[in-house]
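Asks: Fold the following, please.
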Amino acid sequence: MNGENMKLEIRNLHVSAEGKEIIKGLSLDINEGEFHVLMGPNGSGKTTLGKAIMGHPKLKITEGDMLVDGKSILNMKTDDRAKLGIFLLFQNPIEVDGIGFANFLHSANGAMHGNTVTTSDFLKEFKETSEKLKFSGNMAQRSLNAGFSGGEKKKGEVLQMAILKPKIAILDEPDSGLDVDAIKIVAENVNEIAKRNNTGILLITHYSRILNYMKPVFTHVMINGRIVANGGAEIIKAVESHGYEAFTK
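Replies: Residues are numbered from 1 along each chain as shown. Just a heads-up that it's a prediction; the model follows:
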């Protein structure tokens, strides 16, 4: 990538899983440095969109396109999309016992940035970010998500985002399963990381509570595989006041 800001364009995207159409003609632009929130009820296709952007092998793109800086990424592998600077925070991160969290992240960082970061600088940032996220114990000695609580798994994803410094990050329900204190910690750290690195954010959620600590500029509502509303803070207020029924009439 050159020094210019990245632009992700989603054009009339149709996505199927196991023969069932989940996303039914969705268009969305996300620029590096922008903060978008995608809201919608469970089952509306929000998580499928995040997986489709990263190239999940079990999803089939039946129509439309996804482009980065004007070039289609549909035929790119997931790791190549990551190397472009796209990152997905998983809703349910998997546990990998025996693979050290720090070793995994150090290797991923090297693959992303060409080993331009020394081990000592990496460990310093890893430690500092772990402390900001208020992890208990020594994260460098733990296996990847193994034995982590739900809150620790989400914080671990944010830690990865801090180290990898993506250009555009899709955050799939970073607030699900978290208590109020953990939501605030996650939100404040994402805010700081995005501001420091000029990261474009697509925050996926169906609750507005995390938005007490985060202020997206662009708000989109997704229902039944389509975006049915676009706007700003007024959309969030409408969801809070009337739920998603306001967008189904």
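Asks: From Asp69, how far off is the residue lying closest to Lys7 once chain neighbours are set aside?
Replies: Leaving aside its sequence neighbours, Lys7 sits nearest to Asn31 (CB to CB, 6 or more residues apart in numbering; 5.1 Å). C-betas here are computed from N, CA, C, even on glycine. Distance, Asn31 to Asp69, by CB to CB, to the nearest Å: 10 Å.
Asks: any shared contact partners between the two?
Replies: Met6, Lys7 (CB atoms under 8 Å, 6 or more residues apart in numbering).
Asks: List the residues that contact Gly200.
Replies: By CB under 8 Å, 6+ apart, the residues touching Gly200 are Met6, Leu8, Ile30, Asn31, Glu32, Gly33, Glu34, Phe35, His36, Lys167, Ile168, Ala169.
Asks: close enough to count as contact, the residue nearest to Lys7 and Asn5?
Replies: Yes. Using CB atoms under 8 Å, Asn31 makes contact with Asn5 at a distance of 6.0 Å.
Asks: how far is the longest helix along the chain from where the chain is centred?
Replies: The single longest helix within the chain, with elements called by DSSP state H, is helix 180-197. With CA atoms, centre = their mean, to the nearest Å as the basis, helix 180-197 stands 13 Å off its chain's centre.
Asks: Which elements pack onto it?
Replies: helix 119-132, helix 150-164 (3 or more CB pairs under 8 Å, 6 or more residues apart in numbering; DSSP states H and E).
Asks: now the angle from the first one to helix 150-164?
Replies: The reference is to helix 119-132. 140 degrees (axes from the mean of the first three to the mean of the last three CA atoms, to 10 degrees).
Asks: contact partners of helix 119-132?
Replies: So helix 119-132 is contacted by Ala102, Leu105, His106, Asn109, Met139, Ala140, Leu159, Ala162, Ile163, Asn189, Glu192 (CB under 8 Å, 6+ apart).
Asks: can you check the last one too?
Replies: Residues outside helix 150-164 that contact it (CB under 8 Å, 6+ apart): 82, 87, 89-90, 92-93, 101, 105, 108-109, 112, 122, 125-126, 129-130, 133-135, 139, 144-145, 148, 169, 174-179, 182, 185-186, 189-190, 193, 199.
Asks: That helix to helix 180-197, inter-axis angle?
Replies: 10 degrees.
Asks: I'd like the distance from helix 150-164 to the chain centre, please.
Replies: With CA atoms, centre = their mean, you get 11 Å for helix 150-164.
Asks: Name the residues of that helix that are buried.
Replies: Residues 151-164 are the ones in helix 150-164 that count as buried (16 or more other CB atoms under 10 Å).
Asks: Please convert these to JSON lines, extending it with distance to Gly64 and pLDDT.
Replies: Below are those laid out as JSON lines (distance: CB to CB, whole Å; pLDDT from 0 to 100):
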{"residue": "Gly151", "distance to Gly64": "36", "pLDDT": "81"}
{"residue": "Glu152", "distance to Gly64": "37", "pLDDT": "86"}
{"residue": "Lys153", "distance to Gly64": "32", "pLDDT": "86"}
{"residue": "Lys154", "distance to Gly64": "30", "pLDDT": "89"}
{"residue": "Lys155", "distance to Gly64": "34", "pLDDT": "89"}
{"residue": "Gly156", "distance to Gly64": "33", "pLDDT": "89"}
{"residue": "Glu157", "distance to Gly64": "27", "pLDDT": "92"}
{"residue": "Val158", "distance to Gly64": "30", "pLDDT": "94"}
{"residue": "Leu159", "distance to Gly64": "33", "pLDDT": "93"}
{"residue": "Gln160", "distance to Gly64": "29", "pLDDT": "92"}
{"residue": "Met161", "distance to Gly64": "27", "pLDDT": "95"}
{"residue": "Ala162", "distance to Gly64": "32", "pLDDT": "94"}
{"residue": "Ile163", "distance to Gly64": "32", "pLDDT": "93"}
{"residue": "Leu164", "distance to Gly64": "27", "pLDDT": "94"}
